[in-house]
Every structure is written in C-alpha cells, then in structure tokens.
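> Provided below for reference: sequence and predicted model.
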Amino acid sequence: MDPFINMSAQFPNGAVPNPRFVLLDYFFPGFSMFTSALHTYLGIDLNFYIPLLVAIFGLNFVWSYFSTSAWAWIDEYLMSSFRVRTDDEIYNMLMLWISRQKFSQNSRRFLVNTDLYSRSSYIWGGSNDDSDDEDGDEEISVDILGPKQTLHYTPSFGSHLFWYKGWPLFFERHQNQQQINFQSASEREELSISCFGRNPRLLKELLLEARQMYLKKDERKTLIYRSSSGSAYGGEPYWQRSMSRPNRPFSTVILSEKMKQDLIDDAADYLNPATRRWYANRGIPYRRGYLLYGPPGTGKSSLSLALAGYFRMKIYIVSLSSINATEEGLTSLFSNLPTRCLVLLEDIDTAGLTHTREEPDATPAPDSNPNSPKPPSTNTGSGGRLSLSGLLNILDGVASQEGRLLIMTTNHIDKLDKALIRPGRVDMIVPFSLADKTMTESIFRAIYAPFESEISATELALGSKSGTSTPKRIEPDEEAKERWARQHAEISQRIEVLSVQFSAKIPEHEFSPAEIQGLLLKHKRSPDDALEAADDWVIQTRKDKKEKEVQEAEKRRKEQEEEEKKAKAEEEQKKKESEGNTAKTEGVDQKKSAETKSADDTPKEPQSTGEGEVKAETPEVAKDEKKNTASDSEYERV
Ligand SMILES: Nc1ncnc2c1ncn2[C@@H]1O[C@H](COP(=O)(O)OP(=O)(O)OP(=O)(O)O)[C@@H](O)[C@H]1O
C-alpha cells in the first residue's frame, strides 16, 4: 500500500503531512497515528522530543561502541587480575572464600549448590562426604534420617562488584570458550577477580586468605585421594579427592605402644625440614618407606590414616589390585604427587609382583597359605600391566616425587620379592597380627569407654543391667561434674572387668580385630549383651569361616577343572586342525596329479597310491570322466 495515500486518509482535514512523519511512518508503520493520538489525548508533541531521542540513541550507540574498547584498555593497562580454572584445587579454595562473603550471600543472581565443590566434581570426585555441618550458609540439622543438605550460595555467571579491605574488586564467573567442546559448561568454567591498580598485592592477599580458610576447614581432617581412571585427562589416571575423614587419633589403633612410638619418631625425623637438607647435601634420595604386613582386618589401613592425620598429610591411596594399576598409569600418578604427602600402596602381594626380578615370568613364589586368594590374572606383568621392575622404577625412578612417605601393605610378606622390601625402599617393617588377649581387651575398652558427651547413654546401658542408680538430667554445676566423674570411674572400672571376661571367651590369634569389632558393634550400647553373645559368636564365626573355606576350595577346584578342560579342548582342536591340514594338502596333491593324468588324453587305469582315501576317489573321477566322454560322443551323434 502506498504510504502517501494512507497518510491523506489520516489527515482528512486536508493538513499537509510532515515529511519527517512520512519517513518515520515508512519505517515504523503506525508511528504518525501514535503521535497524533499522543498529541490529542495527552497534549505531548513528539515532534519536539524527536531530536532529543535521536541524540540519546546516537550517544548510546557511540558509548557502547567505545566503552568496550575503552574498558579493554583500562583492563589491560590499569587493572590487575587473576584467573582460576576448575581443574585446580585453588578453585575450591576460592569458591569457599567467595561463598562466605556478604556480596555472595546478598547477590540477586546466584548459583546454589548442595556441595560447594560439585562444579569440579570431575576432579575431586564430588567429595560428597565433605559437606561440613558447620560450614553451611544455612543452619543444618541432623535427625534420624541423616543430615539435611547444606545450601551454598555463590554469585552466578557474569560480573559482580564487591569490596575487599575498602577497595572495589570485580568477581567474574564465565565459561572459557577456548576449552574443549566435549566438556560440560561447568567444567569449562573460569573465575577471575580483578582490581584497579597495577599492583596485584591485594589479589595475592585475598588468595592467601582463601587458602588459609580452606586449610583451616580441613585442619582436623585427613584428606584422602584415590587414583581414578583418566577419562577427563585423555585416558591417564589422575588423583581424585575421594573423601575427608576426621583425624584418627593414634591411641585408637591397637598396636604395641613401642612400635607406634618408633613409627612416629621415625616419621617425625624424616619430615623435619633439616632432614631434607641433610639428604640433599649427601645426594641421598629424600624418600622413606614402611611396610605393614599382616592378615586382613588387623589395622594396617587404620595405622596409615592415623599417621597421615598425626602429621597433617594428605593421603594418596593406590590399590595395586585395581585395574588402574598399569605401569604407565602409576608413573603418571607418582609424578603428580605433591612434595609432602603419604602414599599408601595397598595389596602389593597381588598384581604379578610376586615373582622375582630374576625370573620375571616365573610362577609365583610358593604360597604358605593354600587358602589365600590368587592374584588377579589380569596383572601379569605383561601387556602394559605392572611388573616388579616397573614398580621399582616408579618407586625410586627419576619421575618419582621426593619428600613423600610411602606405606606399602600386604597380607603375604613371604610372597614379596626381596628387591621390593630392601632398605631404601622399605625402612621399617611393622607386623600386624590376629587379636591376642590384650588386643581383645583393648578393643572392648575402646568400644565401651565412656565419653563425657555419651556418659548418660553408657550409664543407662550399664545401670539397667547392674542395678546402679538411674541417670539424671545433665546439670552444668560443680556437683553434677563431680557426680559425672564418679560415674565415669565406676563405668570404667566395670568395663575393665567385663573386658577381661570377654577376652577369656575369645580364642587368641584366631580372629582379626575387625571381626571382634564387628561383634561389639552389634551390641554397642550393651557390653553385657556382647559378653553374652561371645560364645555363640565364636562357634558361628568358626562355622562360617569353614564353610567359606570349603566354598572357596570348591570354587577353585571347579575353576581349575574348567581351565584344564579348556586347555584339553584347545589341544584337541589344534591336533585336529593340524591333521586336517595334512590331509588337505595331500588331497590337493592327489587331485592335482589326477588332473594332470586326465589331461594326457590316454585313458589309463588309476594308479594305486596305497592310500584308502585317494584310492576311493580316483575310480570315481575316472568314472565321471568316462561318463563325460560318452555323453559327448552321443551329442556328436545327434
Ligand atoms: N589394630 C587395630 N586397631 C584398631 N582398630 C582396628 C585394628 N585392626 C582393625 N581395626 C578395625 O577394623 C577395621 C578394618 O581395619 P583396617 O582396614 O585398618 O584393616 P587392614 O589390616 O588394613 O585390612 P586389609 O588388609 O583388608 O586392608 C577398621 O574399622 C578398624 O577400626
């Protein structure tokens, strides 16, 4: 439709349309109608404001055009900033700090997480047991259904202004577009904080504060890292933070006091900074290794955890029976260890390390215990799996990190190669054994020892059995404290007596501390019940063990039979194949010679070859040939 015709219709009184309106109407249909309506009903003449609007629009355009480059220039020359990626632990530190800041909690646009580190869960494994009750931004309550999830608030993607020590800082959360596409948005996330000025001192102070806050949070915890298959790192295994546990006091590990003290003294001496210099001055590799051996469930892992907690070291656990334990994988893991840490190599008797270096493919060393489990067949030391020499190279090769404390555990010390446990690799050997009388008593005491916070529960349990007075409400006065002290002494005395009675019922050197602990935990509120159940438990556990042994022996026998059958079948198959091949070759030879014969046009009697098969074939061939010749001649006749 022609806009001019349209315009004349809108101005019926013959007024000449303003050419500016005509033009605007052309680009924004209905504009003139809108302005005339504004004029008629509100008395506003848009004609007057149009130049102003155009000027604002123009200025805005110019500002947005120049502000980007101006801001980039300011950012480049007048500001300091740092960036943090999700694949580094500093991300967790910074996020914790950010989540505790006021601007983060008051932010209108925010991300809410139940696990503060979940955005880097592919690095730290979700650390789902890390949620700290006291750390949450929201009050947490624990009921019988478990702790309610804590909510953590952090500013969402984009730029956020906040104040730190009186200075304005910009916190920016964005996605790095340059990173690999298959990563999810959260994996590509980057954080940056910038401040005005060319001196980054303020930013470094902030980072230090964040680090301190993070370390303080885990102060009384042992951080546990485990090897994980490396899908996020192009196939190479990497250390994954798997959990954090409250530090285990050394006193809770039942072992000879002298042995514990020796271990602490040795580790303390090794970790002393002066010792490091001592090693360096003499050119000795700064490493220390311990071997803990004994039956399963006797406290090897517990002692390692206690040691890590005591010296505030992170613990890095690798199980050599896991599928990740390849030579390349372990090399990569060991070269990525921090300088001061505890490495726990579990089950070193498995994984093809049982044969000696001199005979890399020899059969495993004789097993003193015929019932002990066989090492997994996957780790045979070949095909990229771990071999003994490979492990030795990893432990003290050039790539291996100095400053670490290595603990190896095994259930079968007799299976280990001497090279693996020679001084320099293993500097202290700690034996663990099944529970004797003293150990059983200690386990009993450890389970039922009264703690101040639990005294009423323990007293209730003991009181109900022994007829002592009923527990009273906790009153925080001196009299109450005295009464508690008396009750504590009474209970301890009684537990002492019960522990002796209990240990008398448990045969020595037959059950592991873990097994005994299992029984006591079933009756954790009632030591008398545990005492009562002990006899039956011994009988039942013996029976169960025997059954298990029989089942395992049966399973092994069946497996062996199956393997033998398989081997036999394979051998027979091979034999048949080789026989078949010989016959075929001979058959082909015979056929060839028969063909050559028929090619000589002279009909001859088939020659005897002396072999049945060929004999039977040859007359048939001759017959066929005769038939063919006959039919040919008939055809010729027709
Ligand atoms: N000597 C001990 N002192 C205190 N607790 C123990 C002891 N031995 C076993 N336990 C308890 O038994 C459980 C298993 O112990 P732990 O994992 O340390 O045994 P382990 O020797 O490392 O076993 P495995 O060889 O199967 O790895 C833990 O709960 C631990 O508290």
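It's in.
> in the protein, where's the longest strand?
strand 235-246 (DSSP state E).
> partners of that strand in the sheet?
strand 221-230 (antiparallel) (DSSP bridges).
> for the protein, which residues are neighbours of the ligand?
By CB under 6 Å from any ligand atom, the part of the chain that sits against the ligand consists of 252-255, 296-302, 411, 432, 513-514, 517. For the C-beta atoms, the positions are set from N, CA and C on the backbone; glycine is no exception.
> restricted to helices, list these.
300-302, 513-514, 517 (DSSP state H).
> mark which of those residues are buried, thanks.
300-302, 513, 517 (16 or more other CB atoms under 10 Å).
> pLDDT added to those residues, as CSV?
Shown next, in CSV, are those (pLDDT from 0 to 100):
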residue, pLDDT
Lys300, 94
Ser301, 92
Ser302, 93
Pro513, 95
Gln517, 94
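> what about the stretch 301-450 of the chain, any weak spots by pLDDT?
Across the stretch 301-450 of the chain, the ranges flagged by pLDDT under 70 are 323-324, 351-385, 397-400.
> and for the stretch 101-250 of the chain?
For the stretch 101-250 of the chain (pLDDT under 70), the answer is 114-150, 176-188, 229-235.
> let's go with 80 and repeat that
Applying pLDDT under 80 to the stretch 101-250 of the chain flags the ranges 105, 107-109, 111-152, 175-189, 218-219, 228-238, 240-241.
> and the helices in it?
With DSSP state H, counting those that start in this stretch, the ranges of helices along the stretch 101-250 of the chain come out as 102-106, 121-124, 201-217.
> quick check: which of those is buried the most?
Comparing the helices of the stretch 101-250 of the chain by mean neighbour count (mean count of other CB atoms under 10 Å), helix 121-124 comes out on top with a mean of 22.
> could the helices of the stretch 101-250 of the chain be laid out in TSV, adding distance to Leu420?
Shown next, in TSV, are the helices of the stretch 101-250 of the chain (distance: least, CB to CB, whole Å):
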stretch	distance to Leu420
helix 102-106	51
helix 121-124	31
helix 201-217	35
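> what residues are up against the closest residue to the ligand within the stretch 151-300 of the chain?
Minimum separation of the stretch 151-300 of the chain from the ligand (CB to the nearest ligand atom) falls at Gly299, amounting to 2.7 Å. Neighbouring residues of Gly299 by CB atoms under 8 Å, 6 or more residues apart in numbering: 253-255, 432, 513-514.
> ok, which pair from those is furthest apart?
Among the contacts of Gly299, the pair separated by the greatest distance (CB to CB) is Leu255 and Ala514, at 13.8 Å.
> buried stuff in stretch 414-428?
415-417, 420-421, 425-428.
> cool, and stretch 308-324?
In stretch 308-324, counting by 16+ other CB under 10 Å, buried: 308-322, 324.
> same thing with stretch 237-257?
Buried, per 16+ other CB under 10 Å, within stretch 237-257: 237-244, 247-248, 250, 253-255.
> and which of the residues you listed is nearest to Ser503?
Of the buried residues of stretch 237-257, the one sitting nearest to Ser503 (CB to CB) turns out to be Ile254, at 12.3 Å.
> where do the domain boundaries of this protein fall?
3-74, 79-217, 229-359+375-430, 434-589 (automatic domain parsing).
> most tightly packed of those?
domain 229-359+375-430 (a mean of 18).
> state the distance from the nearest residue to Ala325 once chain neighbours are set aside to the ligand.
Closest residue in space to Ala325, ignoring its immediate chain neighbours: Leu386 at 5.2 Å, by CB to CB, 6 or more residues apart in numbering. Going from Leu386 to the ligand by CB to the nearest ligand atom, to the nearest Å gives 19 Å.
> Ile506 contacts Ala435, doesn't it?
Yes. With contact defined as CB atoms under 8 Å, Ile506 reaches Ala435; the gap is 7.0 Å.
> now the common contact residues for the two.
Ile516.
> could you give the average pLDDT over the helix or strand that Asp262 is a member of?
Element membership for Asp262 (DSSP states H and E) is helix 257-271. Across helix 257-271, the average pLDDT comes to 93.
> show me what it is packed up against.
Here helix 257-271 touches strand 288-293, helix 300-310, strand 404-410, strand 428-431, going by 3 or more CB pairs under 8 Å, 6 or more residues apart in numbering; DSSP states H and E.
> packing partners for the first one?
Going back to what we said before, that points to strand 288-293. Under the contact rule (3+ CB pairs under 8 Å, 6+ apart), strand 288-293 is packed against helix 257-271, helix 300-310, strand 404-410, strand 428-431.
> tell me which strands it pairs with, and in which orientation.
strand 404-410 (parallel), strand 428-431 (parallel).
> tilt between the first one and helix 300-310?
Regarding strand 404-410 and helix 300-310, their directions subtend 160 degrees when assessed with axes from the mean of the first three to the mean of the last three CA atoms, to 10 degrees.
> name the nearest residue to Ile193, ignoring sequence neighbours.
In space, Ile193 is closest to Phe171, 5.4 Å off (CB to CB, 6+ apart).
> which parts of the stretch 51-200 of the chain are strands?
Ranges of strands in the stretch 51-200 of the chain, per DSSP state E, counting those that start in this stretch, are 79-85, 110-113, 142-143, 146-147, 152-155, 158-164, 167-175, 189-196.
> distance to Met95 added to the ones you listed, as a markdown table?
Compiled in a markdown table, these are given as follows (distance: least, CB to CB, whole Å):
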| stretch | distance to Met95 |
| --- | --- |
| strand 79-85 | 9 |
| strand 110-113 | 9 |
| strand 142-143 | 24 |
| strand 146-147 | 21 |
| strand 152-155 | 6 |
| strand 158-164 | 14 |
| strand 167-175 | 10 |
| strand 189-196 | 8 |
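> for Leu395, find the nearest of those.
Minimum separation from Leu395 across these (CB to CB) falls at strand 79-85, 31.3 Å.
> report the beta-bridge partners for the nearest residue to Arg83 once chain neighbours are set aside.
Nearest residue to Arg83, sequence neighbours excluded (CB to CB, 6+ apart): Ser192, at 4.5 Å. Residues in a beta bridge with Ser192, per DSSP bridges, are Arg83, Glu172.
> I'd say Ser192 and Ser81 touch.
Yes. With contact defined as CB under 8 Å, Ser192 reaches Ser81; the gap is 5.4 Å.
> picking that back up, how about the strands paired with strand 288-293 in a markdown table, adding distance to Asn281?
As requested, the strands paired with strand 288-293 are arranged in a markdown table below (distance: least, CB to CB, whole Å):
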| stretch | distance to Asn281 |
| --- | --- |
| strand 404-410 | 20 |
| strand 428-431 | 23 |
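> can you say which two of the residues of the chain next to the ligand are spatially most distant?
Thr252 and Asn411 (22.0 Å).
> now do the lengthiest helix in the chain: which elements does it pack against?
Counting by DSSP H, the longest helix found in the chain is helix 527-599. The elements that helix 527-599 packs onto, with contact taken as 3+ CB pairs under 8 Å, 6+ apart, are helix 437-448, helix 455-466, helix 478-505, helix 513-522, helix 612-637.
> who are the packing partners of the third one?
Spelled out, it's helix 478-505. Using 3+ CB pairs under 8 Å, 6+ apart, helix 478-505 sits against helix 437-448, helix 455-466, helix 527-599.
> would CSV of these with distance to Arg277 be doable?
Listed next are the helices and strands packed on helix 478-505 as CSV, based on distance: least, CB to CB, whole Å:
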stretch, distance to Arg277
helix 437-448, 40
helix 455-466, 49
helix 527-599, 52
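> ranking those by mean pLDDT, which is last?
When I compare the helices and strands packed on helix 478-505, helix 455-466 is least confident, with a mean of 50.
> fine by me, thanks again.
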